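# Sequence plus the predicted model coming up.
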Protein chains: 2
Amino acid sequence: MTKIEELLANATPAEARIMNHFAARAEGFRPSAVRDVFEVAMRPGIISLAGGNPDLDLLPLGELGAMSARIIEDEGLEVLQYGSGAGLEELAQLVCDFMGSEGLSPQLDDIQMTAGSQMGLDLATKLFVNPGDVILAEGPTYTGALGVFEGYQADVRQVPLDADGLDPVAVEQAIAEIRAEGKKVKFLYTIPNFQNPTGITLSDQRRAELVRVCREADVLIVEDNPYGQLSFDGLRRRSLYSYDPENVLYLGSFSKVFSPGVRVGWMVAPLRVRKFLQIAGEAVTICPSVLSQRLVLGFMREGLWEPHTRRTAALYQQRCQAVLDACEKYMPEGTTWTVPAGGFFTWLTLPEGGKFADAADALAPAIEAGVVFIPGSAFYEQVEVDGALVNPGANQLRIAFSAVEPEVLTEGVKRLSQVLAA
Amino acid sequence: MTKIEELLANATPAEARIMNHFAARAEGFRPSAVRDVFEVAMRPGIISLAGGNPDLDLLPLGELGAMSARIIEDEGLEVLQYGSGAGLEELAQLVCDFMGSEGLSPQLDDIQMTAGSQMGLDLATKLFVNPGDVILAEGPTYTGALGVFEGYQADVRQVPLDADGLDPVAVEQAIAEIRAEGKKVKFLYTIPNFQNPTGITLSDQRRAELVRVCREADVLIVEDNPYGQLSFDGLRRRSLYSYDPENVLYLGSFSKVFSPGVRVGWMVAPLRVRKFLQIAGEAVTICPSVLSQRLVLGFMREGLWEPHTRRTAALYQQRCQAVLDACEKYMPEGTTWTVPAGGFFTWLTLPEGGKFADAADALAPAIEAGVVFIPGSAFYEQVEVDGALVNPGANQLRIAFSAVEPEVLTEGVKRLSQVLAA
């Protein structure tokens, strides 16, 4: 029984009466597949490889507190008031400058600030997707994106990732096949850098090719780049946006390198398309939090952004290495994993014929052993194979290293390895 | 040409290509009918009766600034991190207590925090409304609600307000007529206290009756109460929610009595329905800004809420009186207006046979004369009368008094009266 079915089955008569009026799209609402796991992760003694949170320990909290006091005292009448639906212009300008480091600065008018990059994904889906329309996504992909897409009754098709990211040839084929079914492909959703959940990065050679394939097929790209700044080599990868700004809608985030708790992100789209996104966004939140935007602006303006990004990226690199070393040392033979060049995650594939065919079955024994992770199935839609529904990620799992100390990660991987060993 | 048509007509070829992939619902997206007017309102020398903003001058900015500094320094690792999708539990608890003053405290589990009450409206509409479903609303109603409803392709039917608010008999009839058309009525959207745009308050006698009618007809009520605390007599009206918590979804706001810039509101629904709203909300913003919620919590906890509410309500009462007095003194004979018992707005009806049959036609000459307001048509959907589309609010207009000094309001009403005089 799914969580949704559970909610329906356990409803009181009064609740059931209201639920009877739900819209059709409510069937697509699904609770975060990872939330239950996060609750387990809070238990004392449990090592969490489930994560997904940035480490905030390096934030200069004293400095930030003093900044917020000054902002509220001096600019309270503006930052506590309604703001522009497009967002704080000074922050949008800094975003333009910042994006130059990824190959192309957008025009100021093309920037739409959001209450987090998740909201950008919601707005893009709202603007483009009719029920039944196809969204192409990576297999596996961010579970929160699948939640959005299902809420709009999209038909999500996932194209498998390899070590170099999405294969443009596979994308081209998928588009052709879907069109042969008579369906519309509304956009390709991709996380090109240090992908969630795999840590995989789209290779340079494939970027131009992927952009070309999508442009020629007239399929919009939604490029989600929350982790791009957190590269271990300090380099910024070129954005897909920079290759074809007229066919790429870019989503940016301040959650992974500053603070998810303030809820600020941005999106980029050609001006008049951006205006539709603004209209859709105003209907949801009127404007992003002005105070939050002003804090992010202060953080960037006072030069705290770059050093904080470098320091946290170095932290994540150490942690990543601890996980990779521990996998090498402890994981059962035949297990494979990705080697991320940045970000929060690595991705394990269990050996065929190992103890668990489905990583989800390893979750309960892992919790018993004091470690928790996210099973791979959370990042996939089920697909039909020979008339049966299967999940292509059953034999996989995600390890997040962003918020845990190296020695704890080592112990966590060790515990998990023991559970997975036959 | 509507703004949407303008955007489409002026699109570059690149934009037009993307727009070609828009979902059907994008046709319902409409820019805030009042945004252009707000831009005019910023011009020097213009007196704005357009408003809608709370006055923040009485906020203790120094105290708030110091509080935010303490919060970030002491609790930064929590308030800058991802938070619960349901919201900050301590704040939800205060909301429960607070709602007791309106007749009934909800259970903690029934509270869903939102990034502003606008988001509550979006989530309710998303959860219940299929394209073509009917939403009953007041005529006139909040223009931002019409924007949400159209974005979900709802069929909005407005029931006229009289001096005592919605007439339950008229609501009952409307439901019967709509059902006779074979259509589904998904909910009644109402602002019972100091309504936007009219300032009208639903009478006590009608509350129980309206709740009964809706329950018997199995039509959910969405009660939006952003202004309820700002009563001029200091009394809190009973919530519709308190009459029938199993059939009323309540929307609350911190925007009108604290700060719209932090974007925090809440909604109340029976637990399992609330969980669906949480799932829908997480897909949009993951969680409301934790920092913002913590600031609101601090403001309430340190006892700043009640005195601030009382002081601003007294301020708005003076301003309201200034408008009513000036209307009495200057408005052309036959003009009528509402006498609000709280909130931000009064509502004028122009005399038949006066200079302007449509208040929108008075806008340009009013701006010329140095005053700006929102024409009544912004708060209505057009309806078909004898085969022609008409707007029932053409002969009406909204005056907002919340953010303008009394003597300036007097001068503004005087200028407007001169424009409206034959």
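Everything's here; your move. Fair warning: this is a prediction, and the values are worked out from it, not measured in the lab.

# Relative to whichever strand or helix holds A:Trp266, what are the paired strands and their orientations?
Assigned by DSSP states H and E, A:Trp266 belongs to strand A:265-268. Using DSSP bridges, the strands paired with strand A:265-268 are strand A:111-114 (antiparallel), strand A:248-253 (antiparallel).

# For the longest one, what does the pLDDT average out to?
Mean pLDDT, taken over the full extent of strand A:248-253, equals 98.

# residues in contact with that strand?
Residues from elsewhere that reach strand A:248-253, judged by Cβ atoms under 8 Å, 6 or more residues apart in numbering or on different chains: A:95, A:99, A:106, A:116-117, A:120-121, A:124, A:187, A:211, A:220-226, A:239-241, A:265-269, A:273. In this view, the C-beta of every residue, glycine as well, is placed from N, C-alpha and C.

# switch the cut-off to 6 Å
Contacts of strand A:248-253 with the rest of the structure, by Cβ atoms under 6 Å, 6 or more residues apart in numbering or on different chains, involve A:117, A:120, A:124, A:221-224, A:226, A:240-241, A:265-269.

# Go through the residues you listed and say which is closest to B:Pro44.
Closest approach to B:Pro44 among these (Cβ to Cβ): A:Trp266, at 31.3 Å.

# what about that closest one, distance to A:Gly52?
Per Cβ to Cβ, to the nearest Å, A:Trp266 is found 20 Å from A:Gly52.

# Also A:Pro13?
Distance from A:Pro13 to A:Gly52, by Cβ to Cβ: 38 Å.

# Likewise for A:Val129?
Where A:Gly52 is concerned, A:Val129 sits at a distance of 25 Å (Cβ to Cβ).

# same question, A:Tyr189
18 Å.

# quick one: which of the two has more around it?
A:Tyr189 (28 against 23; other Cβ atoms under 10 Å in any protein chain shown).

# Just to be sure, that one is in a helix?
No. Counting by DSSP: H, G, I helix; E, B strand; the rest coil, A:Tyr189 falls outside a helix, being strand.

# wait, isn't it in contact with A:Ala137?
Yes. Using Cβ atoms under 6 Å, A:Tyr189 is in contact with A:Ala137, at 4.6 Å.

# Between its first and last residues, how far does stretch A:194-214 reach?
21 Å (Cα to Cα, to the nearest Å).

# And the next helix or strand past the strand holding A:Trp266?
As assigned by DSSP H and E, the chain's next helix or strand after strand A:265-268 is helix A:271-285.

# Next SSE downstream of that following helix?
helix A:290-301.

# Give me the contact status of the helix or strand just after that following helix with chain B.
As assigned by DSSP H and E, the chain's next helix or strand after helix A:290-301 is helix A:305-330. No. On the criterion Cβ under 6 Å from any Cβ of the partner chain, helix A:305-330 is out of touch with chain B, staying 12.0 Å away.

# Would you list the strands that the helix or strand just after helix A:305-330 pairs with, along with their directions?
The first helix or strand that comes after helix A:305-330 along the chain, using DSSP H and E, is strand A:336-337. Strand A:336-337 pairs in its sheet with strand A:345-349 (antiparallel), by DSSP bridges.

# what is the orientation angle of the strand it pairs with with helix A:305-330?
20 degrees (axes from the mean of the first three to the mean of the last three Cα atoms, to 10 degrees).

# what does the helix or strand just after strand A:345-349 rub up against?
Next helix or strand after strand A:345-349 toward the C-terminus (DSSP H and E): helix A:363-368. Contact with helix A:363-368 is made by A:40, A:416, A:419, as judged by Cβ under 6 Å, 6+ apart.

# just the strands paired with strand A:265-268: most buried one?
Sort the strands paired with strand A:265-268 by mean neighbour count, taking mean count of other Cβ atoms under 10 Å in any protein chain shown, and strand A:111-114 sits at the top with a mean of 28.

# average pLDDT across it?
98.

# any idea how far it is from the chain center?
Relative to the chain's own centre, strand A:111-114 is displaced by 17 Å; criterion: Cα atoms, centre = their mean, to the nearest Å.

# next helix or strand past it?
helix A:117-128.

# Next, the angle from the next helix or strand after that next one to helix A:117-128.
Sequence-wise, the next helix or strand downstream of helix A:117-128 (DSSP H and E) is strand A:134-139. Orientation check (the same axes, to 10 degrees): strand A:134-139 against helix A:117-128 gives 150 degrees.

# helices and strands around strand A:134-139, which ones?
Judged by 3 or more Cβ pairs under 6 Å, 6 or more residues apart in numbering or on different chains; DSSP states H and E, the packing partners of strand A:134-139 are strand A:155-162, strand A:185-190.

# Recalculate using a threshold of 10 Å.
helix A:117-128, helix A:143-151, strand A:155-162, strand A:165-166, helix A:168-180, strand A:185-190, strand A:220-224 (3 or more Cβ pairs under 10 Å, 6 or more residues apart in numbering or on different chains; DSSP states H and E).

# tell me what the second one is packed against?
The reference is to helix A:143-151. helix A:117-128, strand A:134-139, strand A:155-162, strand A:185-190, helix B:271-285.

# before we move on, what about the fifth one?
With contacts taken as 3+ Cβ pairs under 10 Å, 6+ apart, helix A:168-180 sits against strand A:134-139, strand A:155-162, strand A:185-190, helix A:204-216.

# Give me the contacts around it.
Helix A:168-180 is touched from outside by A:134, A:136, A:138-139, A:155, A:157-162, A:166-167, A:183-185, A:188, A:190, A:202, A:205-214, A:216-219, A:221, with contacts defined as Cβ atoms under 10 Å, 6 or more residues apart in numbering or on different chains.

# quick one, it and strand A:155-162 angle?
Going by the same axes, to 10 degrees, helix A:168-180 makes 160 degrees with strand A:155-162.

# for helix A:168-180, what is the average pLDDT?
In this model, helix A:168-180 has an average pLDDT of 98.

# Near chain B, which residues of the stretch 101-250 of chain A? Just list them.
A:114-119, A:121-123, A:125-131, A:133, A:144-152, A:184-187, A:215, A:218-220, A:244-247, A:249 (Cβ under 10 Å from any Cβ of the partner chain).

# Ok, which of the strands paired with strand A:265-268 comes nearest A:Trp347?
The nearest among those, by Cβ to Cβ, is strand A:248-253 at 20.5 Å.

# got the angle for that closest one vs strand A:220-224?
For strand A:248-253 against strand A:220-224, the angle between stretch directions is 20 degrees (the same axes, to 10 degrees).

# Would you confirm that A:Gly76 contacts B:Leu59?
Yes. Shown here, A:Gly76 and B:Leu59 form a contact pair, counting by Cβ atoms under 10 Å, at 6.4 Å.

# so what sits against both of those two?
B:Ser259.

# Can you tell me the closest non-neighbouring residue to the spatially most central residue of chain A?
Most central in chain A under Cα atoms, centre = their mean is A:Tyr142, positioned 4.7 Å from the mean C-alpha point. The spatial neighbour of A:Tyr142 that comes closest, neighbours along the chain excluded (Cβ to Cβ, 6 or more residues apart in numbering or on different chains), is A:Asn196 at 4.7 Å.

# Count the residues that sit near the one you found.
By other Cβ under 10 Å, neighbour count at A:Asn196 equals 26.

# Return the residues in contact with it.
By Cβ under 10 Å, 6+ apart, the neighbours of A:Asn196 are A:52, A:138, A:140-145, A:224, A:226-227, A:256, A:343-345, A:347, A:379, A:398, A:400.

# Spell out the secondary structure type for it.
Of the three states, A:Asn196 takes coil under three-state DSSP.
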